[in-house]
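> Okay, here's the prediction I keep looking at, along with the sequence it came from:
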Amino acid sequence: MENNSSTKKSDLFGFGTVMYGFTDLLVWHSKDFLTLLGHMFKDYLFEQYKPARTLVYVDTELENRIIPRSGALNSYLSLIPFFIGSLGFLKQQFGRKVRQDVHLYFRDLKNLFSDAGFVFENAPTRMKYRQSPSVGLKLLHFFDRPRNCFPSLHVILVAYSYLKTKELVSKYSADESAHAKADIFLRQWSLSIIESCLLTKQHGLRDIAGGLATISAKCPEFGQEDIKEIISLLFSEDSSSFSGDTVYLVKEEIKSVYAELINSINIQKGDYRSALVNYIRSI
């Protein structure tokens, strides 16, 4: 989906929008942004380079049917422009009205990173089926080790950013057509990033489901139907990396693990961190 997701990028989320968002972060939300970066190092990078422990292989045999694509690297690395550009778009459209919303936006992300860090600490994982057919993917895999894959922070950040931006646009926009256009673009771009997690072999199917289940549990205001729509639309426009049959199996596996995790979270009365840890320990 890399091509479709970038078709209207110059119209809605071009370089100027990303820079506007970055400038706004430095001027009005620098403390929130620095705190989030601190959580990224503490909850993810620090856990990545801890001495080797007992690690659970989180990927499945089905991962072998997903052929890595070098072209997906661009989508994978576009997470930060997507995140910052989304904030820039909100500020361009709605100005100071969203300042408090953005503060709460960062608060939620900090909590999500902390909760993922809890899972990494108590149920560390790694990938087994990880091919690197190109220089770009080899470099990515060298610098980003195949550890602490579940839940996928990439999926958590992109899914939250998409759904929260969509929510705020709907909250403040008086122009339904502009809202629809932004929503379509955001959805396409976010889907391409989630797909790239699989196509770059950075994550497996369980990791994707774990990231989406985390969003459902932490942010029930989005609704499980929003998450199910995301899953149903994955690889709907570009499945050239594998057959239509494999696309079906990929979606069904993500749906199945997502449903299993949501059920476990409900049984544990919303304690989703423990539910995620227990799921990994049960594999």
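Structure's in. What do you need?
> Tell me which helix or strand residue 32 sits in.
Assigned by DSSP states H and E, residue 32 belongs to helix 30-40.
> mind checking how far that helix is from the chain centre?
Chain-centre distance of helix 30-40: 18 Å, with CA atoms, centre = their mean, to the nearest Å.
> who's in contact with it?
25, 26, 102, 103, 106, 107, 109, 110, 113, 114, 117 (CB atoms under 8 Å, 6 or more residues apart in numbering). C-beta here means a position set from N, CA and C on the backbone, and glycine is covered the same way.
> After that helix, which helix or strand is next? Please name it.
Past helix 30-40, the next helix or strand by DSSP H and E is helix 46-48.
> tell me what that next one is packed against?
helix 99-122 (3 or more CB pairs under 8 Å, 6 or more residues apart in numbering; DSSP states H and E).
> Tell me what angle the helix it packs on forms with helix 30-40.
With axes from the mean of the first three to the mean of the last three CA atoms, to 10 degrees applied, the angle from helix 99-122 to helix 30-40 works out at 10 degrees.
> export helix 99-122 as PDB, just CAs?
Presented in PDB, the C-alpha positions along helix 99-122 are these (Å, rounded to 0.1, in the frame of the first residue of the first chain):
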ATOM      1  CA  ARG A  99      -3.600  22.200  22.900                       C
ATOM      2  CA  GLN A 100      -5.000  20.500  25.900                       C
ATOM      3  CA  ASP A 101      -6.100  17.500  23.700                       C
ATOM      4  CA  VAL A 102      -2.500  17.200  22.500                       C
ATOM      5  CA  HIS A 103      -1.300  17.200  26.100                       C
ATOM      6  CA  LEU A 104      -3.600  14.300  26.900                       C
ATOM      7  CA  TYR A 105      -2.500  12.700  23.700                       C
ATOM      8  CA  PHE A 106       1.000  12.500  25.000                       C
ATOM      9  CA  ARG A 107      -0.100  11.400  28.400                       C
ATOM     10  CA  ASP A 108      -1.800   8.400  26.900                       C
ATOM     11  CA  LEU A 109       1.200   7.500  24.800                       C
ATOM     12  CA  LYS A 110       3.500   7.700  27.800                       C
ATOM     13  CA  ASN A 111       1.200   5.300  29.600                       C
ATOM     14  CA  LEU A 112       1.100   3.000  26.600                       C
ATOM     15  CA  PHE A 113       4.900   2.900  26.400                       C
ATOM     16  CA  SER A 114       5.100   2.200  30.100                       C
ATOM     17  CA  ASP A 115       2.600  -0.700  29.900                       C
ATOM     18  CA  ALA A 116       4.500  -2.200  26.900                       C
ATOM     19  CA  GLY A 117       7.700  -1.900  28.900                       C
ATOM     20  CA  PHE A 118       6.000  -4.000  31.700                       C
ATOM     21  CA  VAL A 119       5.300  -6.700  29.200                       C
ATOM     22  CA  PHE A 120       8.800  -6.600  27.700                       C
ATOM     23  CA  GLU A 121      10.200  -6.900  31.300                       C
ATOM     24  CA  ASN A 122       8.000  -9.800  32.300                       C
END
